[in-house]
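Visitor: Give me a model of this one.
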Amino acid sequence: MTDSTSSPPDKDSDEIVRLNKIIRALMNRAEKTMNVRGSAFGLFETAVRLEDKVRRRTAQLENALRENEQINRALQRAQKRMKAEIAERQRIEEALRKANEHLEQLSTTDPLTGLANRRRLMEALTTEWNRALRTHHSIGLAMIDIDYFKKYNDRYGHPAGDQCLRHVAMALKTAVRRTDIAARYGGEEFAVIFPNTDYTTVYHVADRARMAVYSLKAPHADSDTGILTVSVGVAAMVPSTDTTIDQLIYLADTALYVAKREGRNQVRGRFLESSGTQSEKITFRG
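Guide: Here you go, the predicted structure:
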């Protein structure tokens, strides 16, 4: 006899199938959840590794930046030192240049009168002679001597004699032209070079120099005139291969000797013509 309370067999099967479906769905969902969690965990690990790599790289870059900044500061300090060293070297070179110029000036300048000294005179005379030799122009020379200078020193003393030399030097420098070269030849004797100048101009400029000293009216009790005067000998020539600087100096010296012998306070001059003939011109006392 059949139990009326039992479920029909078909219904039980259907319930079992339904439950199995539910179980499989839950298992699938659980599996998917596990897969998603596994992927998320993997992504998390990757992110952690990347973050660590970025952190290390950032630290490296920061270290590199700090090192670069230190290098830049060191370079700036080195550049400052280099600039300071360059400036110091330039200062030393400029000081050395000025010192050399001063030494050169001292070696070519008469310390008492400020005019060129004999060394400078001969250097300039050689230069101008060679230039005149190339251009076939005339060159002139004046030899100037203070009259009775020994007597002046004996009467007024050597300090006054030094002052006298300075006054004469200034008068000569003022009287000659800018292109002329005035020098102290030695003792109480002076000389003037006249580059590219004809005999007549040399003569007149030399006489102007004589008058400049005469116009000082400096007392000289032992002079014939009672004042300070100079005697001047001038010479001029157009240099050639047959003439020398010594000849020019000799002509001016000879003319000076004549000026002193004939009474002083005057200019005597000689001009050597191209033919070799000497001409003489005389200026009497002022």
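Visitor: Next, give phi and psi for N265.
Guide: With angles defined as degrees, to the nearest 10, N265 sits at phi 50, psi 50.
Visitor: correction: R177
Guide: phi -80, psi 170.
Visitor: Which residue lies closest in space to it, excluding its sequence neighbours?
Guide: V205 (6.4 Å; Cβ to Cβ, 6 or more residues apart in numbering). The way it works is simple: take the backbone N, C-alpha and C, and place the C-beta from them, glycine included.
Visitor: Over to I139?
Guide: A132 (4.3 Å).
Visitor: on that earlier part again, list the buried residues in the helix or strand containing the residue nearest to R177.
Guide: Using DSSP states H and E, V205 sits in helix 199-214. Applying a neighbour-count criterion of 16 or more other Cβ atoms under 10 Å, one finds Y199, V202, Y203, V205, A206, D207, A209, R210, M211, A212, V213, Y214 buried in helix 199-214.
Visitor: Could you export those residues as JSON lines, including distance to R56?
Guide: Output for the buried residues of helix 199-214, formatted as JSON lines (distance: Cβ to Cβ, whole Å):
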{"residue": "Y199", "distance to R56": "98"}
{"residue": "V202", "distance to R56": "95"}
{"residue": "Y203", "distance to R56": "99"}
{"residue": "V205", "distance to R56": "93"}
{"residue": "A206", "distance to R56": "96"}
{"residue": "D207", "distance to R56": "100"}
{"residue": "A209", "distance to R56": "94"}
{"residue": "R210", "distance to R56": "99"}
{"residue": "M211", "distance to R56": "99"}
{"residue": "A212", "distance to R56": "94"}
{"residue": "V213", "distance to R56": "96"}
{"residue": "Y214", "distance to R56": "101"}
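Visitor: with those in mind, which one is nearest to R178?
Guide: Using Cβ to Cβ, V205 comes nearest to R178 of the buried residues of helix 199-214, at 11.5 Å.
Visitor: check contacts around that closest one.
Guide: A142, A175, V176, R177, D180, V192, F194, T197 (Cβ atoms under 8 Å, 6 or more residues apart in numbering).
Visitor: Next step: the residues you listed restricted to strands.
Guide: A142, V192, F194 (DSSP state E).
Visitor: quick revisit: my guess is the residue nearest to I139 is in a strand, correct?
Guide: No. If the criterion is DSSP: H, G, I helix; E, B strand; the rest coil, then A132 is helix and not within a strand.
Visitor: So it is in contact with L141, correct?
Guide: No. Under the criterion of Cβ atoms under 8 Å, A132 lies out of contact with L141, with a separation of 11.3 Å.
Visitor: So for these two, which sits in the more crowded spot?
Guide: L141 (28 against 21; other Cβ atoms under 10 Å).
Visitor: Read off the pLDDT value for the residue nearest to I139.
Guide: At A132, the pLDDT value in this model is 96.
Visitor: wait, doesn't I193 sit right on R177?
Guide: No. Under the criterion of Cβ under 8 Å, I193 makes no contact with R177, lying 10.9 Å away.
Visitor: ok, which stretches of the stretch 151-286 of the chain are strands?
Guide: 181-186, 189-194, 230-237, 267-272, 278-283 (DSSP state E, counting those that start in this stretch).
Visitor: Any chance of JSON lines for those strands, columns mean pLDDT and mean neighbour count?
Guide: Putting the strands of the stretch 151-286 of the chain into JSON lines (pLDDT from 0 to 100; neighbours: other Cβ atoms under 10 Å) gives the following:
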{"stretch": "strand 181-186", "mean pLDDT": "96", "mean neighbour count": "22"}
{"stretch": "strand 189-194", "mean pLDDT": "98", "mean neighbour count": "25"}
{"stretch": "strand 230-237", "mean pLDDT": "97", "mean neighbour count": "27"}
{"stretch": "strand 267-272", "mean pLDDT": "88", "mean neighbour count": "25"}
{"stretch": "strand 278-283", "mean pLDDT": "46", "mean neighbour count": "14"}
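Visitor: among those, which is nearest S107?
Guide: strand 181-186 (13.4 Å).
Visitor: Tell me the buried residues within the contacts of V205.
Guide: Buried among the contacts of V205 (16+ other Cβ under 10 Å): A142, A175, V176, D180, V192, F194, T197.
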